[in-house]
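1. The following block contains a protein sequence and its predicted model.
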Amino acid sequence: MPRGPALPVLATHGGKFHCDEVFAYAVLRLALGLREPGQDHVLRRTRKQDLIETADIVWDVGFVFDEATSRFDHHQRGAPLRADGTPFSSAGLVWRVYGERAMAELLKASGSEAFAATIAAELDETMVRTIDEIDNGVPADAPARRDALGLASLIGDFNPTWDDPAGGGPTAGDVAFLEAADMASGLLCRRVEGLRARLAAEASVLAAHGAGEDPRILVLDRGMPWKNVVFSHDLPVLFAVSPASNGNWMLDTMPPEPGSFAQRLPLPEAWAGLEAEALAAKTGIADAVFVHLRRFVGAARSRAGAVDMARKAMGDARSSEAA
């Protein structure tokens, strides 16, 4: 009976595992479309040189870095450094080759592969670099970035304890390693989805702003994060209009700076705290629903009504200035 093609062999060191080699394995599986050891690849956790040398991809063991032969160790003299001198861990070395490819695979389902390079670069700076620093004992230059997810600690907790019967022998920790890799994959997938959504929102906000009649009024067809886009692109937005889940259309004010509870232009003081008929009478907009007492948000039953509220708010502001 003919034998099928040999499964690719992926190798890293055995024994206690750390965040960098677990994360690297998660990235390799995503990039290469691998699922389970024994089904579509072989995972070797070993320090035996003959087994390491015959593997197809090796990381965090072997004392060799050579992208051409898929060797990604960082423990040897002359191991590669980032441009600023920060030493790579095996996670950073694998990410450098496979990170964007892994992102593209994750983004296929949503048709968002165009974001792969941007997301890979951001994750390299905010997540992978942190893994490199922790694994190499490099003090973080930005304490808030230090192990922001607690990922190194969480992965370390998967290792068998000293008195666990599963902690001894040649396969010690192999099952726990796979469990840790699954967790790392899950966290990475969620982080990528969040970044994809942020980039998609940015594109939608910029398109809506470009198509709008008045650059001070941002009209969105669905709710999405928009304020950071306004700040980062220095847009002259004063109000944003978008649909709410209850069928109304919300009118949101724009703060003057990130984190501020003030407004570039608050809704008119005469509207503050009014609802329904009282607000309709004051604004002259029949379907106006409410304006918050603090004047940072309002609503109408229709998109046109919310846009009219924004226009009248700007008109009232001009009238007040003229007076």
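-> Received the coordinates, thanks.

2. mind listing the strands for the chain?
-> 9-12, 42-45, 57-59, 65-66, 71-72, 217-219, 239-243, 249-253, 288-291, 297-300 (DSSP state E).

3. tilt between the biggest helix by length in the chain and strand 239-243?
-> For the chain, the helix that runs over the most residues, judged by DSSP state H, is helix 174-211. Inter-element angle recorded for helix 174-211 and strand 239-243: 120 degrees (by axes from the mean of the first three to the mean of the last three C-alpha atoms, to 10 degrees).

4. Show me what helix 174-211 packs onto, helices and strands only.
-> helix 19-32, strand 42-45, helix 90-107, helix 116-123, helix 151-156, strand 217-219, helix 227-232 (3 or more C-beta pairs under 8 Å, 6 or more residues apart in numbering; DSSP states H and E). Placement of C-beta: from N, CA and C, glycine included.

5. For it, which residues meet the burial criterion?
-> 174, 176-178, 180-181, 183-185, 187-188, 191-193, 195-196, 198-199, 201-202, 204-206, 208-209 (16 or more other C-beta atoms under 10 Å).

6. Stretch 27-41 too?
-> Val27, Leu28, Arg29, Leu30, Ala31, Leu32, Leu34, Pro37, His41.

7. what distance separates that stretch from the centre of its chain?
-> How far stretch 27-41 lies from its chain's middle: 23 Å, per C-alpha atoms, centre = their mean, to the nearest Å.

8. Run through who's touching it.
-> Stretch 27-41 has contacts (C-beta atoms under 8 Å, 6 or more residues apart in numbering) with 7-10, 43, 57, 59, 91, 94-95, 98-99, 101-102, 105-106, 178, 181, 185, 188.

9. do that again at 7 Å, thanks
-> By C-beta atoms under 7 Å, 6 or more residues apart in numbering, the residues outside stretch 27-41 that reach it are 7-8, 10, 43, 57, 94-95, 98-99, 101-102, 105-106, 185.

10. Would you mind listing which of those are buried?
-> Leu10, Leu43, Ile57, Val94, Trp95, Tyr98, Gly99, Arg101, Ala102, Glu105, Leu106, Ser185.

11. what's the neighbour count on the closest residue to the third one other than its chain neighbours?
-> Read that as Ile57. Distances taken as C-beta to C-beta, 6 or more residues apart in numbering put Ser70 closest to Ile57, at 4.3 Å, once the chain neighbours are dropped. When neighbours are defined as other C-beta atoms under 10 Å, Ser70 has 17 of them.

12. So what's the residue count around the closest residue to Gln76 other than its chain neighbours?
-> Using C-beta to C-beta, 6+ apart and skipping residues adjacent in sequence, the residue nearest Gln76 is Phe63, 4.2 Å away. Neighbour count of Phe63, defined by other C-beta under 10 Å: 13.

13. Please name the bridge partners of His57.
-> Careful, residue 57 is Ile; it's not His. Judged by DSSP bridges, the bridge partners of Ile57 are Leu10.

14. Return the distance of Arg311 relative to Ala11.
-> Using C-beta to C-beta, to the nearest Å, Arg311 is found at 66 Å from Ala11.

15. Which residue of those two possesses the greater neighbour count?
-> Ala11 (25 against 16).

16. That one is in contact with Ala55, isn't it?
-> Yes. Between Ala11 and Ala55 there is a contact under C-beta atoms under 7 Å: 3.6 Å.

17. and for these two, which residues touch both?
-> Arg44.

18. how many neighbours does the residue nearest to Arg96 when sequence neighbours are not counted have?
-> Leaving aside its chain neighbours, Arg96 sits nearest to Phe88 (7.5 Å; criterion: C-beta to C-beta, 6+ apart). Using other C-beta under 10 Å, Phe88 has 25 neighbouring residues.

19. Same check on the one 5 residues further on?
-> Neighbouring residues of Leu93 were enumerated by other C-beta under 10 Å; the total is 24.

20. if we can go back for a sec, out of the strands of the chain, which is the most enclosed?
-> Of the strands of the chain, the one with the most neighbours on average (mean count of other C-beta atoms under 10 Å) is strand 71-72, at a mean of 26.

21. Tell me which other helices or strands that one touches.
-> strand 57-59, helix 90-107 (3 or more C-beta pairs under 7 Å, 6 or more residues apart in numbering; DSSP states H and E).

22. Right, I'll leave it there.
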